[in-house]
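1. this one's sequence-less:
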């Protein structure tokens with residue numbers, strides 16, 4: 001949405017192309033600027049709540065964008081969107097690392113990358129379908145509502161992340177030993 005439909009809806013609303021480029025850059029800067037604050041936030045609030053807050057903030061920022069007309073409001077929404085989206089990858093990596101067995105972390109990270117690539121294929125298709133039915137501007141809050149519903153639907157799982165990570169599971173040696181050494 002951010003790299004494809006966001007510029008399209010802004011250009012359709014009459015936002016100059018150079019300003020759209022600046023807004024995308026502002027999002028990128030905000031996504032990096034929030035990261036030094038994440039360790040303190042996760043220590044104080046927990047990784048799950050920080051992840052949820054980042055998702056909500058990012059969704060609200062981008063969902064409001066189609067109706068913002070003043071450049072200052074567009075910049076503010078870009079900052080909020082960038083900060084929200086920038087907070088999620090490191091926090092998700094932290095959660096995955098904390099809540100997976102040491103021997104399967106590579107697999108877990110690979111599955112996360114696969115899910116991300118799958119989302120890069122499916123999300124534009126879904127967003128485009130919603131935009132075809134409801135209009136491009138309306139597709140932003142509709143998509144945001146779906147994402148927020150998904151987050152709320154996984155609330156039970158997110159709350160479970162407040163408990164301490166499971167004890168490491170011993171991983172058996174994959175190479176069987178053949179008799180006594182010579």
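-> Nice, thanks for sending it over. Treat the numbers as computed from the prediction; the structure is a model and nothing was measured. Numbering: from 1, shown residues only.
2. Contacts made by the helix or strand hosting residue 138 with the rest, please.
-> Residue 138 belongs to helix 136-153 when assigned by DSSP states H and E. With contacts defined as Cβ atoms under 8 Å, 6 or more residues apart in numbering, helix 136-153 is touched by 1, 5, 8-9, 12-13, 52, 55-56, 59-60, 62-67, 126-127, 130-131, 134, 158. C-beta coordinates here come from the backbone N, C-alpha and C atoms, glycine included.
3. pLDDT at residue 46, what is it?
-> What the model reports for residue 46 is a pLDDT of 87.
4. Look up how far residue 155 lies from it.
-> In this structure, residue 46 and residue 155 are 14 Å apart, going by Cβ to Cβ, to the nearest Å.
5. again with residue 8
-> With Cβ to Cβ as the criterion, residue 8 and residue 155 are 33 Å apart.
6. just to revisit the earlier point, just the contacts of helix 136-153: which are in strands?
-> Among those, DSSP state E puts none in strands.
7. Let's see the ChimeraX selection covering just the buried ones among the residues you listed.
-> Buried residues among those (16 or more other Cβ atoms under 10 Å), as a ChimeraX selection:
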select :1,5,9,52,55,56,59,60,62,63,64,65,66,127,130,131,158
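8. Looking at the contacts of helix 136-153, which are in helices?
-> 5, 8-9, 12, 52, 55-56, 59-60, 62-64, 126-127, 130-131, 134, 158 (DSSP state H).
9. about what we covered before: more crowded one of residue 46 and residue 155?
-> Set residue 46 next to residue 155 and count neighbours by other Cβ atoms under 10 Å: residue 46 wins out with 17 against 11.
10. mind checking how far that one is from residue 98?
-> Look at residue 46 and residue 98: by Cβ to Cβ, they are 11 Å apart.
11. what's the answer for residue 73, then?
-> Note on residue 73: its distance to residue 98, by Cβ to Cβ, is 38 Å.
12. And for residue 1?
-> As defined by Cβ to Cβ, residue 1 lies at a distance of 29 Å from residue 98.
13. again, but for residue 15
-> Per Cβ to Cβ, residue 15 is found 41 Å from residue 98.
14. ok, now residue 150?
-> Separation of residue 150 from residue 98 (Cβ to Cβ) stands at 22 Å.
15. What of residue 157?
-> 14 Å.
16. Between those two, which is the more surrounded one?
-> The residue with more neighbours, out of residue 157 and residue 98, is residue 98; 12 against 9, by other Cβ under 10 Å.
17. Who's the closest spatial neighbour of residue 33, skipping the chain neighbours?
-> Nearest residue to residue 33, sequence neighbours excluded (Cβ to Cβ, 6 or more residues apart in numbering): residue 83, at 7.2 Å.
18. Quickly find the element holding the one you found.
-> helix 71-98.
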